[in-house]
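# sequence first, predicted model second:
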Amino acid sequence: MVQRTRAGGVNRDWLWLALLVAAGCLLRAAAIAGFAHAPESDELAYQSMALNLIGGNGILENGNRAFYNAGYPLFVLAPVFYLFGDGLLAPRLANLLLGGVAIVLCYRVAQEAGAGRIGRLLAAAIWALYVPTAVYGVYLAKENLMVPLMLGVIWCALRLAKAPSLNVAAGCGVLFGLLALTGNAALSLASVVLLALFVAPGAARHRILLSGTVCVVALAVSAPWMIRNWSVLGAPVMNTNGGFNLYLGNNPAANGFFVSIADTPRGPTWHELRKGGEVQAAETLKREAVSWIAEHPGEFLALALKKAVYFWAPPLHEGKGGNASKAEAMVRAVWAIQFVALAAAALASVAIRRLRNRQLAVLWLAVVSYTGVHMLFYVIFRYREPIMPILGVMAALALEAYFQSRTERRSAHLA
């Protein structure tokens, strides 16, 4: 697609964007071809859920009916397995396509945030070439779907802050409904939409109507799954791992990272507790976590702050086993350099006066809210990936502002 500018020239943004999408897809394809990875842990659960669904057994995993979020296996894995068989290449190529969509959405979010041509293309380039996006595309992980959905929500929030409309609010509700099915942590972005509607122009009654529209549409999208769980489990829940995850992050053995249930005080009785049903087990663990928090408020606060540090710690850790190949070591080094540069550029956006506006506030609130929800549970580095494209957009805005400032100073000096 080639657009005409007001002056009659040709705007070739979309040509450059197509090249960036192609580069990003090539990087992801290279990871698929060169990264030997067998599904494990959550990946096996999502794979099992999808295969059971197309096999006529419903969404089922190791006896659980709703322990894991259903969105990724339901909307990505099940259709792919149904059409192309149960091999791993097809779902990885589906992840590649989701990555391509995310690159375009980074461009659109930067555009909505007020970026010029340089900023828009930089935002897309950052996400196209950020190494972990290629590596995690090999994983059968829900983050591959969460990234474009979260970018869509941020785009809606930015648009609502400037030009609130019923259509955008309805679209935002659809995305929130899909996120409720895919990854609960992303629901923290509700704060971003609330901020956008609070600062949006127009009458308060209209903004309340838009807020209600987002909520009603999101509920309509997620309601069938909750009704299913009410029928199957006796409770209208989105999933049954909330209490489990809260307990792993808040118990005497918690250290901020994932801790096996076997290494907690609940370990010896966990299998017995599960016999009472996954809903009851989740509620029991939730009560015990809340009880520990109430009895140890100081430890809880210190642990929460430690989780925030872990969440944003540079990726300097080694791979599993500590015996990484030269290629893996090089990829990890590139990842660390990219992450530090990206975080530094995003942080610099706060210091740039021309960027201090409601759009940047929306982006930063997204980062803070998404970080905050993980401070309640525990940290796995993969969980950080869905919010990284927002850092990429802020980094692009900061770099563009820096280039513009240098150009203006040069022009003033010549004048």
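Yep, it's here. Predicted, not measured: the structure shown is a model, and the values here were computed from it.
# going by C-alpha atoms from here, please, whenever you check contacts or count neighbours.
Noted.
# got any ranges where the protein has weak pLDDT?
1-11, 317-324, 412-413, 415 (pLDDT under 70).
# packing partners for the longest helix seen in it?
Ranked by residue count, the top helix of the chain under DSSP state H comes out as helix 204-233. With contacts taken as 3 or more C-alpha pairs under 8 Å, 6 or more residues apart in numbering; DSSP states H and E, helix 204-233 sits against helix 166-182, helix 190-199.
# that one vs helix 190-199, what angle?
Relative orientation of helix 204-233 and helix 190-199, computed by axes from the mean of the first three to the mean of the last three C-alpha atoms, to 10 degrees: 160 degrees.
# between helix 204-233 and helix 166-182, how many degrees?
30 degrees.
# and helix 204-233, how far out from the chain's middle?
Relative to the mean C-alpha coordinate of its chain, helix 204-233 is positioned 21 Å out (C-alpha atoms, centre = their mean, to the nearest Å).
# residues touching Leu83, list them.
Residues near Leu83 by C-alpha atoms under 8 Å, 6 or more residues apart in numbering: none.
# same check, this time on the one 5 residues further on
Listed by C-alpha under 8 Å, 6+ apart, Leu88 has no contact partners.
# against Ala134, how distant is it?
15 Å (C-alpha to C-alpha, to the nearest Å).
# how about Gly56?
33 Å.
# quick revisit: report the buried residues of the longest helix of the chain.
Judged by neighbour count (16 or more other C-alpha atoms under 10 Å), helix 204-233 contains these buried residues: 207, 210-211, 213-215, 217-219, 221-223, 225-229, 233.
# repeat that for stretch 152-169.
Under 16+ other C-alpha under 10 Å, the buried positions of stretch 152-169 are 152-162, 164-166, 168-169.
# quickly compare the helices and strands packed on helix 204-233 and say which is most buried.
Compared across the helices and strands packed on helix 204-233, helix 166-182 shows the largest average neighbour count, a mean of 23 (mean count of other C-alpha atoms under 10 Å).
# of all the helices and strands packed on helix 204-233, which one is nearest Leu355?
helix 190-199 (16.5 Å; C-alpha to C-alpha).
# what segments of the stretch 251-400 of the chain are helices?
Using DSSP state H, counting those that start in this stretch, the helices of the stretch 251-400 of the chain run over residues 270-274, 278-295, 297-311, 326-348, 358-375, 388-414.
# nearest to Leu187, out of the ones you listed?
helix 358-375 (8.5 Å).
# picking up where we left off before, just put the helices of the stretch 251-400 of the chain in JSON lines and tack on distance to Ser41 and mean neighbour count.
JSON lines is the format used below for the helices of the stretch 251-400 of the chain (distance: least, C-alpha to C-alpha, whole Å; neighbours: other C-alpha atoms under 10 Å):
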{"stretch": "helix 270-274", "distance to Ser41": "18", "mean neighbour count": "14"}
{"stretch": "helix 278-295", "distance to Ser41": "18", "mean neighbour count": "18"}
{"stretch": "helix 297-311", "distance to Ser41": "20", "mean neighbour count": "17"}
{"stretch": "helix 326-348", "distance to Ser41": "21", "mean neighbour count": "16"}
{"stretch": "helix 358-375", "distance to Ser41": "19", "mean neighbour count": "20"}
{"stretch": "helix 388-414", "distance to Ser41": "23", "mean neighbour count": "18"}
